[in-house]
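Asks: one predicted model, sequence on top.
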Amino acid sequence: MNKSSVKTIDIVQKGLKRRYRVERRFRRLGLAAIAASLIFLMLLFVSILGNGYSAIWQTHMRLDVYFDPQVFKDVVVSSADYGRLVKGALRSVFPDVSGRGELRKLSAMVSSGAAFQLREMVMEDRGLIGRQSTLWVPADDDVDMFFKGRLGPESGRLTEDQLSWIDHLKERKMIRKQFNRAFFTAGDSREPELSGIRGALYGSFFTLLITLAISFPLGVGTAVYLQEFAPRNRWTDLIEVNINNLAAVPSIVFGLLGLALFLNVFGVPRSAPLAGGLVLTLMTLPTIVIAGRAALQAVPPSIREAALGVGASRMQTVLHHVLPLALPGMLTGTIIGMARALGESAPLLMIGMVAFIVDIPHGFQDPSTVLPVQIYLWADSPERAFVERTSAATMVLLAFLVIMNGLAVWLRRKFERRW
Amino acid sequence: MQITFVQPYPAIQQEDRVKYQPSNKGEHLTHSLPEPDEDKPGSGTVGKPFLDDPRITCRHVNVYYGVKHAILDVSLDIGRNEVIAMIGPSGCGKSTFIRCLNRMNDTIDGCRIEGEIKLDGTDIYAKNVDVVPLRAQIGMVFQKPNPFPKSIFDNVAYGPKIHGLAGNRAELEEIVETSLKKAGLWEEVKDRLNQSGTGLSGGQQQRLCIARTIAVGPEVILMDEPCSALDPIATAKIEELMGELRQQYSIVIVTHSMQQAARVSQRTAYFHMGDLIEVGLTPQVFTMPRHQLTQDYITGRFG
């Protein structure tokens, strides 16, 4: 064969098919990877939503309570036996139930929260005493689960009698599902029907406030100093390496540090958002510093030269020109760091934020817990009704994370500049 | 628009040290050009680098980037009310050299400067010299137009603001207006001073940068290839502007365009590999270069 007769284009054509085949294969693999991750994400969402959506409602029973003056005789109003009123109201619905065991089963169908509800009503309006009032009180968690269809009659949690009573209430339209206000307004509780995420939300809020207030200025300051002012030498290299390593430290280690340092040495109150915020600050700081430095680095040097060229000092150059341009990037990094801090539970376990806390915290020193820890606590509880609440709290947490990440994306889009 | 060949400033013209060579051109160019001494870098400057009444004097300036020796023993004077052009192939040290004049190289890590640079007799590299007032005195225009991502007004007003040159808003507005007028931009932007400076065209941006520089009232303006990113029309405008600015300022311009150097400058300095090869009056350098390397460069044999 005459070698010179082979044209370049023929060789190219020969290889072309193979090249395109490789390209197609790569594209298919990429699509498959995306599809797989989307499927897993969908599975996650479906399982959480499927488990958690029903927590929006809570089964309530209608009771016609007679505020018997006998009950309030010789006692202060606040310490009267409100349980007796509830029992009385129940017994008037089922007059043929008798026997101690049976009666206890009957009263067990109403949440212990009903008594507190009555007490609050009377405390607010003493005129109720001696009168009859119709109100909806939360049902016990097992009844709630049965009524929502999450607990079969064969589970054994409810007796034959109780099941027939529920049927009876259903017939008389004395049992129904209501919007679950308690879930959003109450703190933690041993009773699923009385428990809510408000305490954990407040705890998370206060904790993140501390984290933001400390880590943002500190992180931005560190980033600006390291990037714009620090001389390049062995010390700054060492600091840089350490900051990068800090970002990779397992978060529970920060919890240990917080326990040893903040609680034991500085005497910060245990279980308080102050302690949690400080620990999460340690964890968030490297993220903010790294994001901040990247944002500063992305500011074109021509802007610095322009400012220096007209005689701005280094401080003026940074404050007037570089920092405003880098700030959106810094904010994005901060929000992502805060989102991480919001989802963090491990370090907070070490400093006592895992405690069972009923009261809603109202300050940085009040004992509290945070959303992810609340989820962990509920997931650990044996009551069937906590399953849906766990999922519902997860949904709330995810919603906050999505909002925060969305905010980060929006900020980046809004302030993105092109040079 | 007409670009006139700017005549040398009288003060320099009277100078006896720099003269046109007699007319035996061809022979002179081909035979008697002195070769630089290879062993002693930096000693090979031919022509007349020194002036009687200089604005800036540079003596034995050496610049190192780490171990790289970027400027080799350059001595040069920059006169009053003159435009001096720095020409030479890429990487020859022109930009490095002019960045020494307002200490912009301070910001570069590992950059070391030796020698002496004096502005009106004071050493700008002395320990007690503050770079902030120095850069207010020696302004700089960069290769790529780099307006701040702020309004046109704020761009020009920034320098006067930080230096406290204007007592009140009216004064500031006046400074902005006169600076924009001097830069030949006023007519084009007077109705949109609040719009972003980055929204202007490339040529307008560069003139905005010049306005920003002169708003501070500098005595010397350094221009680092100010027209390399611009089209010929914008270039012509800026060249015309330089002719006007020369009445008040000394201008040092780095350029890759020999036509531009010939059009706008009174003196030309030719750099080669960090070495200042030849300095002279512009017409002389371009018509009768005295060094072989200069001749090779301006005749297009390399570079």
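Replies: That came through, no problem.
Asks: element containing the residue in the stretch 151-300 of chain A that chain B sits nearest to?
Replies: Using C-beta to the nearest C-beta, the single residue of the stretch 151-300 of chain A nearest to chain B is A:R232, 5.4 Å away. No exception for glycine: its C-beta is placed from N, CA and C like everyone else's. Under the criterion DSSP states H and E, no helix or strand holds A:R232.
Asks: and the gap between the residue found closest to it once you drop the neighbours it is linked to in the chain and A:A230?
Replies: Distances taken as C-beta to C-beta, 6 or more residues apart in numbering or on different chains place B:D109 nearest to A:R232, at 5.4 Å, with adjacent residues excluded. Here B:D109 is placed at a distance of 11 Å from A:A230 (C-beta to C-beta, to the nearest Å).
Asks: which one's more surrounded, the two?
Replies: For B:D109 versus A:A230, the count of surrounding residues by other C-beta atoms under 10 Å in any protein chain shown is larger for A:A230: 15 against 8.
Asks: so who does that one touch?
Replies: A:236, A:239 (C-beta atoms under 8 Å, 6 or more residues apart in numbering or on different chains).
Asks: from A:G221, how far out is it?
Replies: 12 Å.
Asks: and if you look at A:L257?
Replies: A:L257 sits 21 Å away from A:G221, going by C-beta to C-beta.
Asks: helix, strand, or coil at B:H69?
Replies: Following DSSP: H, G, I helix; E, B strand; the rest coil, B:H69 is assigned to strand.
Asks: my bad, A:R157
Replies: coil.
Asks: who's in contact with it?
Replies: Contacts of A:R157 (C-beta under 8 Å, 6+ apart): A:142, A:145-146, A:151, A:384.
Asks: take those residues and keep only those in strands.
Replies: Among these, no member is found in strands (DSSP state E).
Asks: what does the stretch 101-250 of chain B put close to chain A?
Replies: Within the stretch 101-250 of chain B, the positions near chain A by C-beta under 8 Å from any C-beta of the partner chain are B:102, B:104, B:107, B:109, B:132-136, B:139-142, B:144, B:146-149, B:158-159, B:162-163, B:198, B:209, B:212-213, B:215-216.
Asks: go with 7 Å
Replies: When proximity is defined by C-beta under 7 Å from any C-beta of the partner chain, the stretch 101-250 of chain B lies next to chain A at B:104, B:107, B:109, B:132-133, B:135-136, B:139-140, B:142, B:144, B:146, B:148-149, B:158-159, B:162-163, B:212-213, B:216.
Asks: how about the residues of chain A near chain B?
Replies: So chain A meets chain B at A:232, A:302-303, A:305-306, A:308-313, A:316, A:321, A:325, A:417 (C-beta under 7 Å from any C-beta).
Asks: in a strand, the residue nearest to A:R232, correct?
Replies: No: read with three-state DSSP, B:D109 is coil and lies in no strand.
Asks: I'd say it and A:N233 touch.
Replies: No: B:D109 lies out of contact with A:N233 (C-beta atoms under 7 Å); the separation is 10.1 Å.
Asks: can you classify the nearest residue to B:G47 once chain neighbours are set aside by secondary structure?
Replies: Distance criterion C-beta to C-beta, 6+ apart; nearest residue to B:G47, sequence neighbours excluded, is B:G280 at 3.9 Å. Following three-state DSSP, B:G280 is assigned to strand.
Asks: which strand residues bridge B:G280?
Replies: B:T268 (DSSP bridges).
Asks: how about the contacts made by it?
Replies: By C-beta atoms under 7 Å, 6 or more residues apart in numbering or on different chains, the residues touching B:G280 are B:18, B:47-48, B:267-268.
Asks: could you check the pLDDT of it?
Replies: We have a pLDDT of 91 for B:G280.
Asks: can you map out the helices along the stretch 251-400 of chain A?
Replies: A:251-258, A:273-298, A:301-309, A:314-316, A:323-342, A:346-350, A:371-379, A:385-415 (DSSP state H, counting those that start in this stretch).
Asks: so of those, which one's packed in deepest?
Replies: helix A:273-298 (a mean of 24; mean count of other C-beta atoms under 10 Å in any protein chain shown).
Asks: coming back round to it: the residue nearest to B:G47 and chain A: what is the separation?
Replies: Going from B:G280 to chain A by C-beta to the nearest C-beta, to the nearest Å gives 29 Å.
Asks: look up phi and psi at whichever residue of the stretch 1-150 of chain A sits closest to chain B.
Replies: Of all residues in the stretch 1-150 of chain A, the one sitting closest to chain B is A:T8 (33.9 Å; C-beta to the nearest C-beta). Per-residue torsions, A:T8: phi -60, psi -40 (degrees, to the nearest 10).
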